[in-house]
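Chemist: Here is a sequence together with a model predicted from it:
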Amino acid sequence: MTASLLRVAVRRLAHAEGLPLPSYATSGAAGVDLVAAIDEDLVIPPGRRILVPTGLCLALPPGYELQIRPRSGLAYRHGLFIPNTPGTIDEDYRGEIKIILMNGGEEEFRVVRGMRIAQAVLAPVSRFQWEEKQVLPETARSAGGFGSTGC
Ligand SMILES: O=c1ccn([C@H]2C[C@H](O)[C@@H](COP(=O)(O)OP(=O)(O)OP(=O)(O)O)O2)c(=O)[nH]1
Ligand SMILES: [Mg+2]
């Protein structure tokens, strides 16, 4: 059914040569797995973060963003997370996609070339314009929040 899929223009930078383009791991996967386009291993000490290049530049379809999300296996097994998740790749961004990886585990974590470090989900964007008012429509919740309905 690839004929019905949206097409995303991708440019592979030199350091991504030989690496696979991000792909869906299963037929129903929501995200494609992004791999580290590094020549030498990168080590993340506990509590530290690094920027991992993917070697990919994109042109997203109009009206879409790409969300960068962590992989649960890495989060569970190694405490690895992405502090800006979901990372936002703007439709008009043409630079290299990079992933902020943070080590929240107790051991150092080694990133090797080709490792699947994150996943990317294509999502439609709803843009809006402000309509400024003096009074807003009333609701039962009103200004209640932050646990106002109980635990
Ligand atoms: O995990 C990420 C998040 C963002 N970006 C790139 C694509 C995105 O379009 C651009 C800007 O991201 P964002 O708007 O989140 O960052 P900012 O701090 O607001 O930077 P800017 O002022 O450039 O918008 O950086 C990445 O490569 N990886
Ligand atoms: Mg921004």
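Modeler: Structure received. Ligands and ions are numbered 1, 2, ... in the order given.

Chemist: Read off the pLDDT value for T2.
Modeler: What the model reports for T2 is a pLDDT of 56.

Chemist: Ligand 1 contacts on this structure?
Modeler: By the rule Cβ under 6 Å from any ligand atom, the part of the chain lying against ligand 1 is I68, N84, G87, T88, I89, D90, Y93, I97, K98, I99, I100. All C-beta spots, glycine's among them, are computed from the backbone N, C-alpha and C.

Chemist: Buried among those residues? Need that as a selection in ChimeraX.
Modeler: Buried residues among the residues of the chain next to ligand 1 (16 or more other Cβ atoms under 10 Å), as a ChimeraX selection:
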select :68,87,89,97,98,99,100
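
Chemist: Let's see which of the residues of the chain next to ligand 1 end up in strands.
Modeler: Those of these mapping onto strands are I68, G87, T88, I89, I97, K98, I99, I100, per DSSP state E.

Chemist: could the residues of the chain next to ligand 1 be laid out in CSV, adding pLDDT and distance to M115?
Modeler: Below are the residues of the chain next to ligand 1 laid out as CSV (pLDDT from 0 to 100; distance: Cβ to Cβ, whole Å):
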residue, pLDDT, distance to M115
I68, 98, 15
N84, 98, 19
G87, 98, 17
T88, 98, 23
I89, 98, 20
D90, 98, 25
Y93, 98, 23
I97, 98, 15
K98, 98, 15
I99, 98, 11
I100, 98, 15
